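Novice: Give me coordinates for this.
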Amino acid sequence: MKINCLACGHKVELDDVYDDFEGQVKCFACTALLEIKTEEGKLKSVQFVKLVPRPGVWGKDAVI
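Specialist: Model prediction:
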């Protein structure tokens, strides 16, 4: 299953273990955390949670 990141549009690929899942996934392109819910391999909901600072990229004093 693939979902588009709500922050950057990157396609996040999810394995079969996410077919029945409720929780957070991370976009590795922009570090956004997304709250998702899936049932029987189908996406039921997705919400943007926040961006997670990446050390060395955003700086130690980055405010998100």
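
Novice: ok, Asp20 - contacts?
Specialist: Thr38, Glu39, Glu40 (CB atoms under 8 Å, 6 or more residues apart in numbering). C-beta: built from backbone N, CA, C; applies to glycine.

Novice: What does the closest residue to the second one other than its chain neighbours show for phi and psi?
Specialist: I take that to be Glu39. In this structure, Glu39 finds its nearest non-sequential neighbour in Asp20, 6.0 Å apart by CB to CB, 6 or more residues apart in numbering. When read as degrees, to the nearest 10, the backbone of Asp20 gives phi -130, psi 90.

Novice: re the thing from before, filter the contacts of Asp20 down to the buried ones.
Specialist: Thr38 (16 or more other CB atoms under 10 Å).

Novice: All the strands of this protein, residue numbers only.
Specialist: 2-4, 11-13, 21-26, 32-39, 42-51 (DSSP state E).

Novice: now, of these, which is deepest in the fold?
Specialist: Comparing the strands of the chain by mean neighbour count (mean count of other CB atoms under 10 Å), strand 32-39 ranks first with a mean of 17.

Novice: Contacts for that one, please.
Specialist: Residues outside strand 32-39 that contact it (CB under 8 Å, 6+ apart) are 1, 3, 5-8, 12, 14, 18-27, 43-52.
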